[in-house]
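Visitor: all I have is the shape, not the residue letters:
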């Protein structure tokens, strides 16, 4: 099974690298490479856990000509360059497991997506972390490179969190790398947010352990970038 994954990694990398470059630039290409190399072997990672009060979502206007709708597949290639081969199977399984995907469309072209989940499970995000009651997890967010800094990510998050609030959720959690200032600013611009703690993961081949550490006093995020 592991050999099959490596063969598939090599087969799909050239095409996925090209799509990643068009969708997200060099950082996205690095992610495709890392997922097929270092992440397969293992390592140690540490991320912030961000909590957002979705009862206080601000008004976020849709960018011109943009429409946001739920999307359940099954043709994930409609996501264009954002729907890499590595993600197609993962997105199909996530949708089957009840995770919600919202897609931003502009002139019939997908320009961004955001995923929301009532659980955090290792089979999807390589963390096992129980969510508090009334909490929704923001799993993945991506915006096409040509549409960044135009409010698409803010609109996706705002639309999705409003839907979650209507379903009875009161807050959201998001796992973010400490250096990802853009994502920190985006979520803080949608609703009051704070750093609640950190989650860490240690992985060696197929063995993995993850753990969560709450801060003694959560730290409010003051960044107000909303793109």
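Guide: Here it is on my side, so go on. All figures in this text were calculated on a predicted structure; none of them were measured in a lab.
Visitor: got the buried residues for the longest strand along the chain?
Guide: When the chain is scanned for its longest strand (criterion: DSSP state E), the result is strand 207-220. By 16 or more other CB atoms under 10 Å, the buried positions in strand 207-220 come out as residue 210. (C-beta placed from N, C-alpha, C; glycine too.)
Visitor: which helices and strands sit right next to that strand?
Guide: Packing partners of strand 207-220 (3 or more CB pairs under 8 Å, 6 or more residues apart in numbering; DSSP states H and E): strand 42-53, strand 193-204.
Visitor: partner strands of the last one and their direction?
Guide: Looking back up the chat, that one is strand 193-204. strand 42-53 (antiparallel), strand 207-220 (antiparallel) (DSSP bridges).
Visitor: what does stretch 163-180 contact?
Guide: With CB atoms under 8 Å, 6 or more residues apart in numbering as the test, stretch 163-180 has contacts from 46-55, 57, 100, 102, 116, 120, 125, 127, 131-132, 134-138, 161, 183-184, 187, 196, 199.
Visitor: again, only this time at 7 Å
Guide: Contact with stretch 163-180 is made by 47-55, 116, 127, 131, 134-138, 161, 183-184, 187, 199, as judged by CB atoms under 7 Å, 6 or more residues apart in numbering.
Visitor: for stretch 170-182, measure first residue to last.
Guide: The first residue of stretch 170-182 is 24 Å away from its last residue (CA to CA, to the nearest Å).
Visitor: now that stretch: mean pLDDT?
Guide: For stretch 170-182, the mean pLDDT works out to 91.
Visitor: which other residues reach stretch 83-94?
Guide: Residues contacting stretch 83-94 (CB under 7 Å, 6+ apart): 12, 15-16, 19-20, 32, 35, 73-74, 76-77, 115, 124.
Visitor: those in strands, which ones?
Guide: residue 115.
Visitor: turn the buried ones among the contacts of stretch 83-94 into a named PyMOL selection, would you?
Guide: Restricted to buried positions by 16+ other CB under 10 Å, the PyMOL selection for these reads:
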select buried, resi 12+16+19+20+32+35+73+76+115+124
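Visitor: thinking again about what came up before, which one of the strands paired with strand 193-204 lies closest to residue 61?
Guide: strand 42-53 (19.0 Å; CB to CB).
Visitor: how about low-confidence regions in the protein?
Guide: Within the chain, the ranges that satisfy pLDDT under 70 run 1-6, 223-227.
Visitor: just the helices in it please.
Guide: 2-24, 26-36, 38-41, 85-96, 122-125, 152-166, 181-190 (DSSP state H).
Visitor: excluding chain neighbours, what is closest to the spatially most central residue of the chain?
Guide: Residue closest to the average C-alpha location in the chain (CA atoms, centre = their mean): residue 140, at 1.4 Å. Distances taken as CB to CB, 6 or more residues apart in numbering place residue 115 nearest to residue 140, at 4.5 Å, with adjacent residues excluded.
Visitor: contacts only, for the one you found.
Guide: Contacts for residue 115 (CB under 7 Å, 6+ apart) come out as 94, 99, 100, 101, 139, 140.
Visitor: let's see it at 10 Å
Guide: If you count contacts by CB atoms under 10 Å, 6 or more residues apart in numbering, residue 115 has them with 91, 94-95, 99-102, 124, 137-142, 156, 160.
Visitor: and what of residue 218?
Guide: Counted by CB under 10 Å, 6+ apart, residue 218 has contacts 49, 50, 51, 193, 194, 195, 196, 197.
Visitor: thank you, goodbye.
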